[in-house]
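> After the sequence you'll find the predicted model.
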Amino acid sequence: MDAIGLFLLIAGYVIGLGAVTVIDIHGFLGRKSAYWTEATTRTHKVTKPLIWLGIVLVSIGGIIYFRNESFSGTPLYLAVSAFVLVCNGVFLSFSVSPYILARERAGTQAQLLPQSWQNKILVSLILSDIGWWGSLIMLVIYITHK
């Protein structure tokens, strides 16, 4: 069971963190570029479901892998990180995504996002990166010191 749990954890990080990295780079470049703003709109249609798949796999893998551990230390940190990532994902999926898709339908997807949206997305990007990279680092430290 440990091998299955660890495999699902790692698969979740590969899929989710890979997609997060792609969309974060696009989003960062899109802050000042109409070309990258439009590319981000299109790219997020692929990365959004991959990020959710990554969160699901990491969560299931974590439940399996840490099933015999107390809910403290690394397992607790990973659970809190997953919760923050889910909340962040809800904001991105149900607030940001519909907004940028509506802009695409209106034919304005290449225009830079208003500063207020850029600020919200930047905070979300930072939370996402801290959550994904921080939890991966914690997992690696846990495994190598076990």
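Perfect, thanks for sending it.
> Please make it C-alpha for all contacts and neighbour counts, starting now.
Noted.
> Tell me the confidence at R31?
With respect to pLDDT, R31 scores 89.
> Tally up the residues packed near it, please.
18 (other Cα atoms under 10 Å).
> Contact partners for it?
T37, L112, L113, Q118 (Cα atoms under 8 Å, 6 or more residues apart in numbering).
> can you map out the helices along the chain?
2-29, 34-65, 74-91, 97-105, 115-144 (DSSP state H).
> Now render those as CSV, adding mean neighbour count.
Formatted as CSV, these follow (neighbours: other Cα atoms under 10 Å):
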stretch, mean neighbour count
helix 2-29, 19
helix 34-65, 20
helix 74-91, 17
helix 97-105, 15
helix 115-144, 15
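> Endpoints of stretch 25-41, how far apart?
13 Å (Cα to Cα, to the nearest Å).
> Which pLDDT does the model give F71?
On the pLDDT scale, F71 gets 92.
> Likewise for the one 4 residues further on?
The predicted local confidence for P75 comes out at a pLDDT of 95.
> quick revisit: quick one: which of the contacts of R31 is nearest I64?
Q118 (37.5 Å; Cα to Cα).
> which residues touch the closest one?
Q118 neighbours (Cα under 8 Å, 6+ apart): R31.
> switch the cut-off to 6 Å
With contact set as Cα atoms under 6 Å, 6 or more residues apart in numbering, Q118 has no partners.
> Could you check how far it is from G27?
For Q118 relative to G27 (Cα to Cα), the value is 9 Å.
> same thing with I121?
8 Å.
> Kindly report the same for L8.
In this view, L8 and G27 are 28 Å apart by Cα to Cα.
> and S70, how many neighbours?
Other residues close to S70 by other Cα under 10 Å number 10.
> and it, how far is that from L136?
19 Å.
> now swap in T21 and tell me
Taking Cα to Cα, one finds T21 at 14 Å from L136.
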